[in-house]
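1. Give me coordinates for this.
(2 chains)
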Amino acid sequence: MAIDAQQVDCRGCGAKVDIHAGLRTKTFVCEYCGSVCEGDKVVAVQDMQAKREEFKPWSHLRLGMTAQFLGHEYQLIGRIRAREETWWWDEWFMYSKTGFPLWLQEGEGGFSIFRVFYPTYPINPWNAGSFVKLDNTGGNAQVKERGTGTIAFIEGELTWSSVPGETFNYLECYRGPTRYSIEYSESEIQYLRGETRDSRQIYDKFGISEQVPPPLRFDDDDDDDDWEDDQPYQPYQATAEARAKPAGTGGKILVLGSLLLGIFLLIFSGIATGFSKHVKSYTFNAKAATGKGDGVLLTDDHGKPITIKLPKSRGAYELRLAASPTGRSGWRGGYCWWTQVAFLKERPKGQLKKIEAYLKKEGEKMDQWARYEKVHEVNAWFGRYWGIDEGERWNENSFVKQHYFRTKDPGPYYIRVYANNCRDYSSRKFNPVRQASLTVAVYKDVWMTRWMFWGGLLLTVLVLLTVIWRYRSMFSDD
Amino acid sequence: MPTQQPNMACPSCGAPIDAERRFDEVYNCEYCGNTAFFTQQVAAEGDAAPQSAPIANIFSRFKVGQHGKIRGRTEFNILGMVQVEYPSGYWTEWRLRVGENEYWLQEDEGIYVLFDKRAIEEPLPPLETFQAGGSLDGWNRLPRWFIIEVAQAKVVGFDGQLPWPPNVGEQFTYVDGLGGGQVISMEIESDGESASLSVGDPLEYEDIEITSEEAGGW
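-> All right, here's what the predicted structure looks like:
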């Protein structure tokens, strides 16, 4: 049952105008002359003949229609067409017989119903962040739109002052189907809470049997032929991309900056992973030890272990050890030369002290660099083993090793290289090494880029997901 | 047979006006169809000389004389009402008697707030400190409150029994805010010194039930 109408005189032409909210009606529009009346004054005049057609509703809703919401009957008594740069929406004003208002918003996202509320946690919309929490009904809501709207057209009646051309600031927040809308000015902040409603449900509530029009897209592609309706679409054209704008300049900068950083980290980790600077290669020839059974030792000319000073490195060091031990061949056995590289740091008085270094585990690829272990030295064997098992000849050898390590405190750093025959060289299994040489190649500025790679990948994916979520309406059919 | 309001008649045709419409400012005569605007004589407590106040059809679920319950347990009677016009529209304040106490139920755009008066024990902050989006911290032993509205308003009508004669048409400044889960409202007279302070709890529509026969429907 519709709300009983009262008649008041248009302040412009004197025509009788129906109002439905008594003197709660603050603004009403004369459908004949287009006067927008407030109290006993005409505050604006709309060219109704042109504007009514120009701002015809997108849906089949019309003023005067009634529907049940929350168990009570409401009537559409007013409508505002608002715009924000390149997109538009309608605010349908619904009123109950006892003066309870509801707002039915119709836009690109379909329908949403709002009512005014007082938030438990009021926020200042002038400096709201990207996420806000207004009440205890759930978690944070995402601020998806903010801007300044302009009233382009009014019809029917409203219980507040409103005039075409008037602007208002707004903030739109989403949390699943729950929506928050904040309209604010220098003198007032109004909070509304609502939820999205299925378009078919809205049509059914208003008793509209026509097919629900497709969602507003504001594009000029005429692919809506399946909607058999005699009402042309809203003539104003804008792109959905333009409407689905990011949340403010700060948000744009944040999203763009995060994306660039993510891409940079990915590219840099890819380029830098294999990048290193070759410092120098040292080749040493081992000599037979003086003591019996000591094998072939690697020493300097003074019989002391080889010590190499490392250059400063912003990244990690890479050591490439290439040994060429030789021994007596035979049907079975082998020969084995064992090396040890110790890490040293120079103390203030010049003495060298063993320190811990962070060594990448052997066998792991460079992009798994973040997994390293603390060690004082690294051991490696070089040589060959061979034999015959079940009639099959087998052969194993190892002549090249790579080690990656980094240090913690400022240097200077040294490595000390020891080498000797494996301890059981004299057993029956092994033949003694007769001669050997070791080449030590030092590389510096080897970058540990695993964290960059994963960090960049994570950042990029997060940004892309955010953008997809923001623009999801473009990928949705409804 | 409808009760007729003495001395009230359609100014166009002279037909008597139904007393049930006595609070309408806009009256659509059922005989001649004329739309008329009225003023109404309403007495206020302590006011020997009734003053003229236009009462609008306030389109509310409440009426003076009704009784009901808040949240199913707190019974109230509606003693009187005041209608206030502000830049965005109108709000209504209903004077409730709850037991021996009195409260004010504010009805504005579908929001209900049950206000209780508070004494002002500290000097008023300067008016220019009140701005929507600003806040006030520690004043008058109130929690920090966030200001959501500052504007001017005026009483445009009233009905029933009121504790004071309203100054119809006289503008005052009101400041509304939120703090500690409550609504805080202050009305500052035009002299900038006299003020009243109210603190209230927001209520949902469903929290208020009209139990008298005149209960309205949503």
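
2. Could you give the number of residues near B:Gly169?
-> By the measure other Cβ atoms under 10 Å in any protein chain shown, the count of residues near B:Gly169 is 11. For glycine as for every other residue, the C-beta is placed from the backbone atoms N, C-alpha and C.

3. What strands line up against whichever strand or helix holds A:Tyr358, and which way round?
-> Assessed by DSSP states H and E, A:Tyr358 sits inside strand A:357-360. According to DSSP bridges, strand A:357-360 forms sheet pairs with strand A:372-375 (antiparallel), strand A:400-406 (antiparallel).

4. so which of those strands gets nearest A:Gly315?
-> Nearest to A:Gly315 among the strands paired with strand A:357-360 is strand A:400-406; the distance by Cβ to Cβ comes to 7.3 Å.

5. check contacts around A:Asp47.
-> Residues near A:Asp47 by Cβ atoms under 8 Å, 6 or more residues apart in numbering or on different chains: A:Gly34.

6. Then A:Phe117?
-> Contacts of A:Phe117 (Cβ under 8 Å, 6+ apart): A:Asp135, A:Tyr191, A:Leu192, A:Arg193, B:Ile111, B:Pro202.

7. how would you label A:Gly257: helix, strand or coil?
-> Recorded secondary structure, A:Gly257: helix (DSSP: H, G, I helix; E, B strand; the rest coil).

8. what about it, neighbour count?
-> Residue neighbour count, defined by other Cβ under 10 Å, stands at 11 for A:Gly257.

9. Ignoring the adjacent residues along the chain, who's closest to A:Leu458?
-> Leaving out its chain neighbours, the residue that sits closest to A:Leu458 by Cβ to Cβ, 6 or more residues apart in numbering or on different chains is A:Gly262, at 7.7 Å.

10. Tell me the secondary structure at the one you found.
-> The local conformation at A:Gly262, judged by three-state DSSP, is helix.

11. In this model A:Thr466 seems to touch it, though I could be wrong.
-> No: in this structure, A:Gly262 is not within contact of A:Thr466 by Cβ atoms under 8 Å, at 11.6 Å.

12. Just the helices from the chain, written as ranges.
-> Looking at chain A here, since you left the chain open. With DSSP state H, the ranges of helices along chain A come out as A:48-54, A:199-205, A:240-243, A:248-273, A:450-470.

13. looking at chain B here, not the other one
-> Going by DSSP H, chain B shows no helices.

14. Point to the residue nearest the middle of it.
-> Residue closest to the average C-alpha location in chain B (Cα atoms, centre = their mean): B:Glu93, at 2.1 Å.

15. okay but that residue is in contact with B:Val82, surely?
-> Yes: under the criterion of Cβ under 8 Å, B:Glu93 makes contact with B:Val82 at 4.7 Å.

16. now the helices of chain A as TSV including mean pLDDT and distance to B:Pro125?
-> Below are these laid out as TSV (pLDDT from 0 to 100; distance: least, Cβ to Cβ, whole Å):
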stretch	mean pLDDT	distance to B:Pro125
helix A:48-54	88	46
helix A:199-205	92	46
helix A:240-243	36	43
helix A:248-273	79	32
helix A:450-470	84	42
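
17. could those helices go into a markdown table alongside distance to A:Val440?
-> Output for these, formatted as a markdown table (distance: least, Cβ to Cβ, whole Å):
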| stretch | distance to A:Val440 |
| --- | --- |
| helix A:48-54 | 83 |
| helix A:199-205 | 75 |
| helix A:240-243 | 59 |
| helix A:248-273 | 23 |
| helix A:450-470 | 26 |
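
18. the longest strand in chain B is where?
-> As assigned by DSSP state E, the longest strand anywhere in chain B is strand B:145-160.

19. quick check, that strand touching chain A?
-> Yes: Strand B:145-160 reaches chain A (Cβ under 8 Å from any Cβ of the partner chain) through B:Phe146, B:Ile148, B:Glu149, B:Val150, B:Ala151.

20. Which residue, other than its chain neighbours, is closest to the first one?
-> So that's B:Phe146. Per Cβ to Cβ, 6+ apart, closest to B:Phe146 is A:Pro122, 4.5 Å.

21. what sits against the one you found?
-> Neighbouring residues of A:Pro122 by Cβ under 8 Å, 6+ apart: A:Leu134, A:Ile189, A:Tyr191, B:Phe146, B:Ile148, B:Leu178.

22. And those residues, which is closest to A:Cys33?
-> For those, the nearest to A:Cys33 is A:Ile189 (35.0 Å; Cβ to Cβ).

23. how does chain B divide up, domain by domain?
-> Domain assignment for chain B by automatic domain parsing gives B:4-53, B:67-202.

24. Could you tell me the end-to-end distance of stretch B:188-208?
-> 29 Å (Cα to Cα, to the nearest Å).

25. Stretch A:99-111 too?
-> For stretch A:99-111, the first-to-last residue distance is 22 Å (Cα to Cα).

26. and it with chain B, contact?
-> Yes: in terms of Cβ under 8 Å from any Cβ, part of stretch A:99-111 sits within range of chain B, namely A:Gly99, A:Phe100, A:Pro101, A:Leu102.

27. check contacts around the residue nearest to the centre of chain B.
-> If you count contacts by Cβ under 8 Å, 6+ apart, B:Glu93 has them with B:Met81, B:Val82, B:Gln83, B:Val84, B:Trp104, B:Leu105, B:Gln106, B:Glu107, B:Phe115.
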